[in-house]
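A.B. asks: Here is my input; please provide its structure:
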Amino acid sequence: MSFIRYFGNLPRPGQGPFAPKNLDDLRKYVESLHDALATGKWVNEEPDVTGPTGPSGPTGATGASGATGGTGPEVTGPTGPQGEEGLQGDAGPSGNAGATGPTGAASTVTGPAGPTGGAGATGPTGDSSDGVFWEFDTDTTDNDPGVGRCSADDVDADNVTQWNISDTDYNSGSAQGWLNELSASTGTTKGHLKLTKADDPSEWVLYSVTGGTDAGNFHRISVAWVGGTYGAGIFSDATILSLTFSRAGNVGTAGATGPTGPTGQTGPSVTGPTGPTGSSVTGPAGPTGSQGAEGATGPTGPAGGGTGYALHLCAGTFNPVDSTNYYFGNQLIAPADAIGTFPIYVPKAGSIKSAEVTWYASTAGSNENVSAYVSLNIGDSTTLIKTLGTLGACKRFYNNALNIAVAYGDQIEIKLVTPAWATNPLTVKLTGCVYIE
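C.D. replies: Sure, this is the predicted structure:
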């Protein structure tokens, strides 16, 4: 009997549970399993029979709707071209002009003073003389001192009021024209006269000249003391003196009178208030209006000038060497070969009108040219005074045609340029004078 027949329609292995009735049934089921495993077929297996299709089950419930998809990106199309600009409208009509404002009240301010009269013209520059030599005579008598000599009216230099000077200088030259120049200026002060010891420039006296007269063979020169190395006392008899003179300019013409200022406006008239009516009292009259002030008279223009001053320079004894620049100013020591060592300072602004230098040597040396210059502000400018090459022991460098502007505090020196001498001069002494107006 087959397994199926024995057991009935039992499930194949893996198709469902099997519940044997007894041990014999179980043994037979195991044998059938063994045969099936060996043959690959279920013993007496009947063909599978498909049953009819069962009715369809009910339709399942509809699933939930899926989530809504995200919104797509928003895309803006390109902007269209701008339309043409409209025409500008016509300008509106101009408004009416405003009414003219009222006229301002009349000014009560006094008119300004008349302008100051212009300055009078400056008088012409006076000439400056070159130095000249005389021999000093100690006689104080007011008479002719003799040919080539000069004398004073007092034994103390600071008390001298008159110098008598021969018309002939120590070197037998005519000095009458030179002496006439001492009193030629139209100013109260004619100029400045300096008398220097020829062999020692450290000894000198300076006077302002106030007048002069020609006495025939000599001139009387009226003077006022200014200063010097003497006060009490004076030069020794027979001393050789070097005289230098700086002439003052003539007095300028007076400036024109300034015009009269305009008359001030008349002050307003003010009527006082009427007094109250009384039973028998009349009120006081109002005060009279004040009179306007009279315009000021313009000031008179200043008188023209013309007075200058002199700066005196000096140096100590020295032996000049060849082809060298020397400078001296306000120190009584040997001149320096470096610029700016001994300057003299300008005390008042003006213009240098003349300059002179006196050179005195104990041994004259040969006659090669020496040149003297005015040096301003440590070499900012140099102006030639004169070039000389004489054999004499005394040399005079002078120039009265200068016009060099100077300011307060400017520095002045005298510059000497020496040549290559065949024979050098010895023991040279120097003095100088610069006239500023």
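A.B. asks: Okay, and the beta partners of residue 435?
C.D. replies: Beta-bridge pairing of residue 435 under DSSP bridges involves residue 310, residue 354.
A.B. asks: Hmm, residue 312 and it touching each other?
C.D. replies: No - assessed by Cβ atoms under 8 Å, residue 435 is found out of contact with residue 312, at 10.2 Å. Just so you know, the C-beta spots here come from the backbone N, C-alpha and C atoms, and that holds for glycine as well.
A.B. asks: the more surrounded of those two?
C.D. replies: More neighbours surround residue 435 than the other of residue 435 and residue 312, with 29 against 21 (other Cβ atoms under 10 Å).
A.B. asks: Distance-wise, check the more buried one relative to residue 354.
C.D. replies: Counting by Cβ to Cβ, to the nearest Å, the gap from residue 435 to residue 354 is 5 Å.
A.B. asks: Equivalent analysis for residue 172, please.
C.D. replies: Residue 172 is 26 Å from residue 354, where distance means Cβ to Cβ.
A.B. asks: quick one, which of these two is more surrounded?
C.D. replies: Each of residue 172 and residue 354 has its neighbours counted (other Cβ under 10 Å); residue 354 has more, 28 against 8.
A.B. asks: Enumerate every residue touching the more buried one.
C.D. replies: Residues near residue 354 by Cβ atoms under 8 Å, 6 or more residues apart in numbering: 127, 128, 246, 247, 398, 399, 400, 401, 402, 434, 435.
A.B. asks: can you pull the pLDDT of it?
C.D. replies: pLDDT, residue 354: 94.
A.B. asks: same thing with residue 392?
C.D. replies: So, for residue 392, pLDDT stands at 78.
A.B. asks: Excluding chain neighbours, what is closest to it?
C.D. replies: Setting aside the residues directly before and after it, residue 392 is nearest to residue 364 in space (Cβ to Cβ, 6 or more residues apart in numbering), at 6.0 Å.
A.B. asks: again, but for residue 198
C.D. replies: In this structure, residue 198 finds its nearest non-sequential neighbour in residue 240, 4.3 Å apart by Cβ to Cβ, 6+ apart.
A.B. asks: so what's the one you found up against?
C.D. replies: Counting by Cβ under 8 Å, 6+ apart, residue 240 makes contact with 133, 134, 135, 136, 170, 197, 198, 199.
A.B. asks: among the residues you listed, which ones are buried?
C.D. replies: Using 16 or more other Cβ atoms under 10 Å as the burial test, the contacts of residue 240 include 133, 134, 135, 136, 170, 197, 198, 199 as buried.
A.B. asks: Just the ones of those residues in strands?
C.D. replies: Among the buried ones among the contacts of residue 240, the members falling in strands (DSSP state E) are 133, 134, 135, 136, 197.
A.B. asks: send the alpha carbons of stretch 365-385 over as PDB?
C.D. replies: Taking Å, rounded to 0.1, in the frame of the first residue of the first chain, the C-alpha atoms of stretch 365-385 are listed here in PDB:
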ATOM      1  CA  GLY A 365     107.300 149.700  -0.800                       C
ATOM      2  CA  SER A 366     107.100 149.500  -4.600                       C
ATOM      3  CA  ASN A 367     104.200 151.100  -6.600                       C
ATOM      4  CA  GLU A 368     102.100 148.100  -7.600                       C
ATOM      5  CA  ASN A 369      98.300 148.700  -7.400                       C
ATOM      6  CA  VAL A 370      96.300 148.200  -4.200                       C
ATOM      7  CA  SER A 371      92.500 148.200  -4.400                       C
ATOM      8  CA  ALA A 372      90.100 149.200  -1.600                       C
ATOM      9  CA  TYR A 373      86.400 148.100  -1.500                       C
ATOM     10  CA  VAL A 374      83.300 148.500   0.700                       C
ATOM     11  CA  SER A 375      82.200 145.000   1.700                       C
ATOM     12  CA  LEU A 376      78.500 144.600   2.800                       C
ATOM     13  CA  ASN A 377      77.100 141.800   5.000                       C
ATOM     14  CA  ILE A 378      80.100 139.400   4.900                       C
ATOM     15  CA  GLY A 379      80.600 139.500   1.200                       C
ATOM     16  CA  ASP A 380      77.000 139.800  -0.100                       C
ATOM     17  CA  SER A 381      78.300 142.700  -2.200                       C
ATOM     18  CA  THR A 382      81.600 144.500  -2.700                       C
ATOM     19  CA  THR A 383      81.900 147.900  -4.300                       C
ATOM     20  CA  LEU A 384      85.300 149.400  -5.400                       C
ATOM     21  CA  ILE A 385      86.300 152.600  -3.700                       C
END
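A.B. asks: Under a three-state scheme, what state does the residue nearest to residue 338 when sequence neighbours are not counted occupy?
C.D. replies: Spatial nearest neighbour of residue 338, excluding adjacent residues (Cβ to Cβ, 6+ apart): residue 327 at 7.1 Å. Judged by DSSP: H, G, I helix; E, B strand; the rest coil, the three-state class of residue 327 is strand.
A.B. asks: Hmm, residue 327 is touching residue 337, no?
C.D. replies: Yes - look at residue 327 against residue 337 with Cβ under 8 Å: they come within range, at 7.5 Å.
A.B. asks: These two: which is more packed in?
C.D. replies: Remark: of residue 327 and residue 337, residue 327 carries more neighbours, 22 against 12, as counted by other Cβ under 10 Å.
A.B. asks: how near is the more buried one to residue 411?
C.D. replies: 11 Å.
A.B. asks: so what's in contact with these two at the same time?
C.D. replies: In contact with both residue 327 and residue 411: residue 340, using Cβ under 8 Å, 6+ apart.
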